[in-house]
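Peer 1: Provide a 3D model corresponding to the input given below.
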Amino acid sequence: MKRNPNFPFAPAKSPLFYGWIAMFAGTIGVLCSIPGQTMGVSVFTNYLISSLQLSRDALSLAYLIGTVGSSLFLTYAGKIYDKFGSRFTAIIAALGLGVTLILFSFSHLLSEAISQYINIGFSTVSFILISLLFFFLRFSGQGVLTLASRNMIMKWFDQRRGLANSISSALQSFGFAVSPLFIALIITRFDWSTAYQILALLTFIFVIFAFLFYRDNPEECGLIPDGKIIEPKVKSLPTFKTKKQYTLKEAKSTWVFWVFALSLSFNSFFITGFTFNIISIFESCGLSEEKALGVFIPASIISIITAISGNILSDYIRMQKLLVVFLIGCLLSSLGVAILDYEIGYYVLILGTGIMGGLFSVLASITWPRFYGRKNLGAISGFAMSLVVFSSAIAPLFFSRIYTLTDSYRIAGYAGVVSVVILLIFSVKAKNPQLQ
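Peer 2: Numbers count the residues shown, from 1 in each chain. Alright, predicted model coming up:
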């Protein structure tokens, strides 16, 4: 399949360096993945439990099955991305996401029809169906569409990679923060089934957008990263030159890959478990649903500031230093959940969630091309993404079972604290392999 980068128009003829257009397009792509992200799912959780006649543990288990299954295919999806590029990959992922959202909107009716046809209990059928739908939702949305969009942005920049990602991350952080409120507003105005259909329509519109504006890399368009060769103004500043293009096998053999990948995976694990059960977590502490959803606004402000600062600093400092700050944010967020019964816990939770949310996009986007080059970026980032997605799969059931057994989420918070302390110890040796 030919990529045809000059159709329907040639990026090289753009009066503005096309990398900035690709940055904006990729940002829209990441935002369109929200229905497949945890915050997109969490708003529908209670409606799915009620309509599909499932317990919270059962829905969490279905989420686990679907998400773990999707994580097993993301490395292969990354290789497809390397071969066919961001436009083809994003279009296929968005089409899959849109169809899945339509099926979600009719999941209760489909379960009832199948149950009557094969004479099996409604709850059993709905559990199997929702597990399958979660597979396609997480694979297409959180996995492939996000991977294709983020990698495209990174390929268009080198010395300005941090600046470009700072703008993208700020927009993403704001979009992710307000999305639960936006989706909740649609549900209130219509109903949860119609809300899924509206999100599907927006996703199908994005397919046309991706066809028009997605381009995989500057070289195939007759351009170079950043639009021109940029030399550092201060010679003492690091330039982070890529000396070796790593294969996936070589990347996995380095210590630093696992430190960063597991740190990003912890973020996905904890924030998924928290967001998926956020209303229940706050209610268990005697706090309202409004206060629960209200966490996202102040956290997003901190996240935007952190994302902009982290991305700009990433052009000048080692990723290891940003990793340490990121893990401190993870530590605070975990501690916030553990002590949410106290008023201080609410503010600790917001601060930690904001810090780790802002720096997640920095580490997830910039680390892999800087450490391992762009040649096999899809395979390497795809494998890292599979670990992130796998971690997110376990979290809802982990949180749910802790609550079922202890009538509190406190232990989940303390477990997070212990895990982050271990990662902080390991981060001491998290050096860029290009420097060795």
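Peer 1: switch to C-alpha atoms for all contacts and neighbour counts from now on
Peer 2: Noted.
Peer 1: now stretch 157-171: how far from the chain's centre is it?
Peer 2: The chain centre lies 17 Å from the centre of stretch 157-171; the measure is CA atoms, centre = their mean, to the nearest Å.
Peer 1: residues contacting that stretch, please?
Peer 2: Applying CA atoms under 8 Å, 6 or more residues apart in numbering, the contact partners of stretch 157-171 are 19-20, 23-24, 27, 153-154, 225-226, 230, 239, 303-305, 307-315, 358, 361-362, 365-366.
Peer 1: kindly recompute the last result at 7 Å.
Peer 2: 23-24, 27, 154, 225-226, 230, 304, 307-308, 311-312, 314-315, 361 (CA atoms under 7 Å, 6 or more residues apart in numbering).
Peer 1: least confident pick among the residues you listed?
Peer 2: Ranked by pLDDT, the contacts of stretch 157-171 bottom out at residue 230 (59).
Peer 1: what bits of the stretch 101-250 of the chain have low per-residue confidence?
Peer 2: Scanning the stretch 101-250 of the chain for pLDDT under 70 picks out the ranges 229-242.
Peer 1: 90 instead?
Peer 2: Residues of the stretch 101-250 of the chain meeting the criterion pLDDT under 90: 115-124, 138, 141-143, 147, 150-151, 154-155, 157-182, 184, 216-250.
Peer 1: tell me which other helices or strands the longest helix along the chain touches.
Peer 2: Criterion DSSP state H: the longest helix present in the chain is helix 74-105. Helices and strands touching helix 74-105, by 3 or more CA pairs under 7 Å, 6 or more residues apart in numbering; DSSP states H and E, are helix 122-137, helix 146-155, helix 192-213, helix 377-406.
Peer 1: ranking those helices by burial, who's on top?
Peer 2: Across those, averaging neighbours per residue (mean count of other CA atoms under 10 Å) puts helix 146-155 on top, at a mean of 28.
Peer 1: kindly calculate the angle that the following helix or strand past that one makes with helix 192-213.
Peer 2: Downstream of helix 146-155, the next assigned helix or strand under DSSP states H and E is helix 161-189. Put simply, helix 161-189 runs at 150 degrees to helix 192-213, going by axes from the mean of the first three to the mean of the last three CA atoms, to 10 degrees.
Peer 1: need the contact list for residue 19.
Peer 2: Counting by CA under 7 Å, 6+ apart, the residues that residue 19 touches are 156, 226.
Peer 1: next, the angle helix 192-213 makes with the helix or strand encompassing it.
Peer 2: For residue 19, the enclosing helix or strand under DSSP H and E is helix 18-32. Here the directions of helix 18-32 and helix 192-213 differ by 160 degrees (the same axes, to 10 degrees).
Peer 1: and the angle from helix 18-32 to helix 74-105?
Peer 2: For helix 18-32 against helix 74-105, the angle by the same axes, to 10 degrees is 50 degrees.
Peer 1: quick one: buried residues of helix 18-32?
Peer 2: Across helix 18-32, burial judged by 16 or more other CA atoms under 10 Å covers 18-32.
Peer 1: between it and helix 146-155, how big is the angle?
Peer 2: Going by the same axes, to 10 degrees, helix 18-32 is angled at 160 degrees with respect to helix 146-155.
Peer 1: report the rounded mean pLDDT for the next helix or strand along the chain from helix 18-32.
Peer 2: The element immediately downstream of helix 18-32 (helix or strand, assigned by DSSP H and E) is helix 38-42. Helix 38-42 carries an average pLDDT of 81.
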